[in-house]
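Asks: just to be clear, the model below is a prediction. Sequence and coordinates:
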Amino acid sequence: MNSVLLLFAAGGSALVLYCITTLLRVGRRSKDLPPGPPTIPILGNLHLIPKERPHLQFQKWAQEYGPIFSLILGTKTVIILSTPTAVKDLLDKKSSIYSSRPDIYLGQDVVSGGQRFVTMASSKRTTKYGPMWRSVHKMMHNTLNIQTAVAYIPYQDLENKDMMLAFLNEPEGFRKHLRRYTTSLTTQMVYGYRTTSQNDPRLLKFFENFEEWGTLVSAGSAQLLDLYPMLRKLPAFLTPAYKDALKLGEKELDLYMLNWMGTKNSIKDGTCHPCFGYDVLKAQKEEGFSDEQAAYIAGSLLEGGSDTTSGTLVGFIEAMIMFPEVQKTAQAQIDRVVGPDRLPTLDDIVNLRYIQACVKETIRWMPTLIMGVPHSNIQEDEYKGYKIPNASTIIANNWTMNMDPERNPNPRVFDPTRFENDFQSEKESATNKDENQRQNWIFGSGRRQCQGMHIAERSLFMGMARMLWAFNFERATDENGVPIPVDIDDFVGGIAVQPADFAAIIIPRSKEKADIIRKAWKDCEETLLDSETKQWLQVPSGMTFNTAESMEL
């Protein structure tokens, strides 16, 4: 009997020792991985990630460890790419294996039931979502490619004029006006309706939910569930973030279903304007997916088309008040090319190269995706002699690339002359075979590249050109006339960021220009919009979406 007990004791001790040894291996960096900061057991480098301004720490690590370095975060290997060459070599040239997404358990699986497009895995490794991702990707390409994007210019022109009027009437609310501008353009394209007010309940609910989602996925409690998947098995009462995610999922689905079912029903009764919803409904009939899935397909396009563009325009206004000499130079070119009697149009792009350069410099100076949306590889790979394990998290270090002083001397100075000889579109820049000719990374890379960048670029150009044509932007001052401090490195947000709150004085450059803005909007109201609903009376010709006539409903 004693020998049996000793045997069991020995076996139990061996099991405990094995478990402890295995646990202590967690957090270690193997020798064949890219270099990185020293690790400690279990945590790896998790304790080194600062809560505030983590992008600055990533910049320091890139300077210390080179263009590709690794972080060990719990059980996960994270590979950081900090040069255009590294991004090009892996995310672009090897996009067939680097275009999936890592686990975002709360933000993807719990909140949206795995149906959020931007964080949906695209690979065969995750068979549950791969086919859906490819189907949605194809639909978005058909709707947003460069040939079809020109059809949306009338939408952009109308929404911009509405925004300009709002700047006149309530200049202190410029953030809200910018959000309505970009969101209304997107709701027309996706759902077929204009967002006519900055106080629209659906607009407010959308941004409230989106900001809550960004905060949720950035929180340490949510990241722990990704880095230590075994914690997902804990009872729900021990993971309060899980309950928060469920509640957010309910709110989010309610909103997306409200939008989708409204569009679906209006398509069926023949009152819906041409929009992306027709394509979703056609695919739903052919492939048989649920209304919840359809709602998230459309909602994901709304997410991608609203927040980052408005955040970039907020960054532009901040740059104008902090670098007034740039504003004067830009306005001088606009005055020379456009004159005082009309608003700038997209036809003026070729003669407003400095404004085009302002678009490019704003994207560089204020990257709304300060760290790239994470990719994941579907098979083990090797790069520069380093091993990249299967299912690693791969992140483009956007801030570090944009602020590289060798590529961009004095990088926190807003200087459009960096691009005075760069006439590429944002799409041409993002896909240039010479990686050193690329200066934007907020639109993503490889197969995950943003389908709507042509539309975003036009919205940015039209917004900047017309704002500078019509208004002067000045720093706010205190009661003693001293400029109120503005920290250009203070950002707010989660995955997508924008400048923290700052005050700006926005003044019409002349009464005549203010009158032109008011008349331009009045003409729109009288000729294009329903007097009560402010929706389009008739959609401009050239829309490329499916219509009810082409579908059997």
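Replies: Done, it's in. Bear in mind that the values here come from a model prediction, so they are computed numbers and not experimental data.

Asks: okay, now the unreliable bits of the protein?
Replies: 1-25, 122-132, 143, 146-147, 305, 542-553 (pLDDT under 70).

Asks: longest helix in it, please.
Replies: Ranked by residue count, the top helix of the chain under DSSP state H comes out as helix 291-322.

Asks: name the residues that touch the helix or strand that that one is followed by?
Replies: Using DSSP states H and E, the helix or strand that directly follows helix 291-322 along the chain is helix 324-337. Outside of helix 324-337, the residues within contact range by CB atoms under 8 Å, 6 or more residues apart in numbering are 319-320, 344, 348, 351-355, 358, 414-416, 464-465, 468-469, 472-474, 509. C-beta here means a position set from N, CA and C on the backbone, and glycine is covered the same way.

Asks: okay but residue 539 is in contact with residue 278, surely?
Replies: No: using CB atoms under 8 Å, residue 539 is not in contact with residue 278, being 11.9 Å away.

Asks: who has more neighbours, those two?
Replies: For the pair residue 539 and residue 278, the greater number of neighbours falls to residue 278 (24 against 19), based on other CB atoms under 10 Å.

Asks: mind checking how far the more buried one is from residue 142?
Replies: In this view, residue 278 and residue 142 are 11 Å apart by CB to CB, to the nearest Å.

Asks: which of the contacts of helix 324-337 fall in strands?
Replies: When DSSP state E defines the strands, the subset of those inside them is 472-474.

Asks: what is the nearest of the residues you listed to residue 59?
Replies: Proximity to residue 59 was ranked across the ones in strands among the contacts of helix 324-337 by CB to CB; first place goes to residue 473, at 28.8 Å.

Asks: surely that closest one touches residue 504?
Replies: Yes: taking contacts as CB under 8 Å, residue 473 lies within contact range of residue 504: 5.7 Å.

Asks: stretch 145-157: which residues count as buried?
Replies: Across stretch 145-157, burial judged by 16 or more other CB atoms under 10 Å covers 148-149, 151-157.

Asks: show me where the stretch 351-500 of the chain has strands.
Replies: 375-376, 381-383, 386-388, 393-396, 471-475, 491-493, 497-499 (DSSP state E, counting those that start in this stretch).

Asks: so what's the gap between the longest one and the chain middle?
Replies: Averaged C-alpha coordinates place strand 471-475 at 27 Å from its chain's average position (CA atoms, centre = their mean, to the nearest Å).

Asks: hmm, who's touching that strand?
Replies: 167, 171, 317, 320-322, 324, 327, 467, 483-484, 486, 503-509.

Asks: which element is residue 55 on?
Replies: The secondary structure element spanning residue 55 is helix 54-65 (assigned by DSSP H and E).

Asks: contacting residues around that helix?
Replies: Counting contacts by CB under 8 Å, 6+ apart, the residues outside helix 54-65 that touch it are 34-37, 48-50, 69, 71, 80, 82, 370-371, 397, 399-400, 403.

Asks: what about those residues, which are in helices?
Replies: Secondary structure from DSSP H places 399-400 of the contacts of helix 54-65 in helices.

Asks: buried subset of the contacts of helix 54-65?
Replies: Using 16+ other CB under 10 Å, the buried ones in the contacts of helix 54-65 are 34, 36-37, 48, 69, 71, 80, 82, 370-371, 397, 399-400, 403.

Asks: distance to residue 88 added to those residues, as CSV?
Replies: Rendered in CSV, the data for the buried ones among the contacts of helix 54-65 read as follows (distance: CB to CB, whole Å):
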residue, distance to residue 88
34, 17
36, 22
37, 25
48, 28
69, 17
71, 21
80, 15
82, 13
370, 20
371, 18
397, 14
399, 18
400, 15
403, 19
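
Asks: nearest to residue 217, of these?
Replies: Where the buried ones among the contacts of helix 54-65 are concerned, and distances follow CB to CB, residue 217 has its nearest neighbour in residue 371, at 12.4 Å.

Asks: my guess is the closest one contacts residue 400, does it?
Replies: No: distance between residue 371 and residue 400: 9.2 Å, which falls outside the contact criterion (CB under 8 Å).

Asks: which residues touch residue 182?
Replies: For residue 182, the contacting residues are 305-307, 309-310, 313, 459, by CB under 8 Å, 6+ apart.

Asks: hang on, isn't residue 355 packed against residue 463?
Replies: No: taking CB under 8 Å as the definition, residue 355 is not a contact partner of residue 463, at 10.3 Å.

Asks: ok now stretch 274-291, how far from the chain's centre?
Replies: 24 Å.

Asks: what residues of that stretch count as buried?
Replies: Going by neighbour count (16+ other CB under 10 Å), the buried part of stretch 274-291 is 274-284, 289.

Asks: do the same with stretch 367-380
Replies: Buried, per 16+ other CB under 10 Å, within stretch 367-380: 367-378.

Asks: now swap in stretch 61-74 and tell me
Replies: In stretch 61-74, residues buried by neighbour count (16+ other CB under 10 Å) are 61-62, 65, 67-74.

Asks: for these, please prepare CSV with the additional fields distance to residue 452.
Replies: Below are those laid out as CSV (distance: CB to CB, whole Å):
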residue, distance to residue 452
61, 32
62, 29
65, 34
67, 29
68, 29
69, 32
70, 32
71, 31
72, 35
73, 31
74, 35
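
Asks: between those, which sits nearest residue 390?
Replies: Each of the buried residues of stretch 61-74 was checked against residue 390 using CB to CB; the closest is residue 70, at 14.4 Å.

Asks: re the thing from before, could you tell me which residues touch both of residue 473 and residue 504?
Replies: Taking CB under 8 Å, 6+ apart as the contact criterion, the residues that touch both residue 473 and residue 504 are 317, 321.

Asks: residues near residue 255, how many?
Replies: 19.

Asks: please work out how many residues are found near the nearest residue to it once chain neighbours are set aside.
Replies: The spatial neighbour of residue 255 that comes closest, neighbours along the chain excluded (CB to CB, 6 or more residues apart in numbering), is residue 205 at 5.3 Å. For residue 205, the neighbour count with other CB under 10 Å is 15.

Asks: hey, C-alpha coordinates of the helix or strand containing residue 205 in PDB?
Replies: Under the assignment given by DSSP H and E, the secondary-structure element containing residue 205 is helix 201-218. Included here for helix 201-218 are C-alpha records, laid out as PDB according to Å, rounded to 0.1, in the frame of the first residue of the first chain:
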ATOM      1  CA  PRO A 201     -30.600  59.800 -33.100                       C
ATOM      2  CA  ARG A 202     -29.200  57.100 -35.300                       C
ATOM      3  CA  LEU A 203     -26.000  59.100 -35.900                       C
ATOM      4  CA  LEU A 204     -25.500  59.800 -32.200                       C
ATOM      5  CA  LYS A 205     -26.200  56.200 -31.300                       C
ATOM      6  CA  PHE A 206     -23.800  55.000 -34.000                       C
ATOM      7  CA  PHE A 207     -20.900  57.100 -32.700                       C
ATOM      8  CA  GLU A 208     -21.700  56.300 -29.100                       C
ATOM      9  CA  ASN A 209     -21.600  52.600 -29.900                       C
ATOM     10  CA  PHE A 210     -18.500  52.800 -32.100                       C
ATOM     11  CA  GLU A 211     -16.600  54.700 -29.400                       C
ATOM     12  CA  GLU A 212     -17.700  52.200 -26.800                       C
ATOM     13  CA  TRP A 213     -16.500  49.400 -29.000                       C
ATOM     14  CA  GLY A 214     -13.100  51.100 -29.400                       C
ATOM     15  CA  THR A 215     -12.800  51.600 -25.700                       C
ATOM     16  CA  LEU A 216     -13.900  48.000 -25.000                       C
ATOM     17  CA  VAL A 217     -11.400  46.300 -27.300                       C
ATOM     18  CA  SER A 218      -8.600  48.600 -26.100                       C
END
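
Asks: residues in contact with that helix: which ones?
Replies: Residues outside helix 201-218 that contact it (CB under 8 Å, 6+ apart): 104, 106-107, 111, 179-180, 183, 195, 197, 222-223, 241, 244-245, 248, 251-252, 255, 258-259, 302-303, 306-307, 493-496.

Asks: please redo it, this time with the cut-off set to 7 Å
Replies: The set of residues that contact helix 201-218 without belonging to it, under CB atoms under 7 Å, 6 or more residues apart in numbering, is 104, 106-107, 111, 179-180, 183, 195, 222, 241, 244-245, 248, 251-252, 255, 259, 302-303, 307, 493-496.
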